[in-house]
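A.B. asks: My questions concern the predicted model and sequence given below.
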Amino acid sequence: MSRGTIADVAIVGGGIIGCLNAYELSKAGHSVTVVEADALASEASGTSGGWQTPYAYTVDPAMLALAPRTLQLHRELAQVLPEETGIDHGFEETPYLRCALTEERAEELRKWQSDRAREGVDTSWIQPQDMPQVSTWVTADTAAALLSNVEPTLDSYRLTLSAIQAAEKYGAEYTAGQVVGLLSSDVNGRSPRGGY
Ligand SMILES: Cc1cc2nc3c(=O)[nH]c(=O)nc-3n(C[C@H](O)[C@H](O)[C@H](O)COP(=O)(O)OP(=O)(O)OC[C@H]3O[C@@H](n4cnc5c(N)ncnc54)[C@H](O)[C@@H]3O)c2cc1C
């Protein structure tokens, strides 16, 4: 960032989080600068598998409550961003298959399915004899298999590029540079940790 640049918001990192925030904030009328040390989407956002699985890895009620909103947001982005930028980020509502290999895991899966059903999540059980037709990776001795229709895929690299281009249309700026000295420890003296 050049000396003297003034923005309402400085975003450190041009991954999907930084670029989508830049898009939403600039669209809402804020001046935004994104600072990226390497290249846009050069880290996790450029290599992600692109599965949208908001129900997958959590039993936290607060996170589960966010799941339908996450899906709705992605459906809206899949409409709006390609119109704004001409970049198709490949959003597809493809089925997602969960398999249980033991009776214990099958029981967990049944509970998971019944909890999600109460929230209106659309899933269907695959019968053992139908499993090989659904996927060649699934064998008929699998204890239980459940197909979900609310866990789409997308190309996270293209989504990130699309988000920054759309943000730029609303006046956001992208600049190369490494931001230093922001945060080295929390109040207890621990270093910040992240991870996938
Ligand atoms: C192999 C793989 C598969 C994955 N599959 C999935 C999946 O299927 N579904 C899913 O939801 N998630 C998946 N993820 C996780 C997902 O990719 C990440 O959660 C997401 O991309 C994180 O986005 P981010 O913007 O926070 O971080 P990043 O994409 O890592 O972006 C951070 C950016 O900040 C920049 N930066 C860092 N420090 C500074 C600094 N000091 N100054 C300036 N710039 C800086 C970096 O260069 C980087 O470009 C996967 C991740 C990996 C690696």
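C.D. replies: Thanks, I have the structure now. Residues are numbered from 1 along each chain as shown.

A.B. asks: Can you mark which positions in the worst-scoring helix or strand of the chain on mean pLDDT are buried?
C.D. replies: In the chain, the helix or strand scored least confidently by mean pLDDT, DSSP states H and E is helix 131-134, which has a mean of 81. Buried residues in helix 131-134, counting neighbours by 16 or more other C-beta atoms under 10 Å, are found at M131. C-betas here are computed from N, CA, C, even on glycine.

A.B. asks: same deal with stretch 103-123?
C.D. replies: In stretch 103-123, residues buried by neighbour count (16+ other C-beta under 10 Å) are 106, 109, 112-113, 116, 121, 123.

A.B. asks: Distance from it to the middle of the chain?
C.D. replies: Averaged C-alpha coordinates place stretch 103-123 at 22 Å from its chain's average position (C-alpha atoms, centre = their mean, to the nearest Å).

A.B. asks: okay, among the buried residues of stretch 103-123, which ones form the most distant pair?
C.D. replies: Put simply, by C-beta to C-beta the two of the buried residues of stretch 103-123 set farthest apart are A106 and V121, 18.2 Å from each other.

A.B. asks: sorry, back to before: chain center to the least confident helix or strand of the chain, what's the gap?
C.D. replies: 28 Å.

A.B. asks: swap in stretch 169-178?
C.D. replies: The chain centroid and the centroid of stretch 169-178 are separated by 22 Å, computed with C-alpha atoms, centre = their mean.

A.B. asks: Can you measure across that stretch, start residue to end residue?
C.D. replies: The first and last residues of stretch 169-178 sit 24 Å apart, counting by C-alpha to C-alpha, to the nearest Å.

A.B. asks: Domain map for the protein?
C.D. replies: With domains defined by automatic domain parsing, the chain comprises 1-93+154-196, 94-149.

A.B. asks: Make a markdown table from these and add distance to the ligand to it.
C.D. replies: Compiled in a markdown table, those are given as follows (distance: least, C-beta to the nearest ligand atom, whole Å):
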| stretch | distance to the ligand |
| --- | --- |
| domain 1-93+154-196 | 2 |
| domain 94-149 | 11 |
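
A.B. asks: how much space between the residue nearest the centre of the chain and E93?
C.D. replies: What sits nearest the mean C-alpha location of the chain, by C-alpha atoms, centre = their mean, is Q52, with 5.5 Å. Distance, Q52 to E93, using C-beta to C-beta, to the nearest Å: 9 Å.

A.B. asks: Understood, closing this out.
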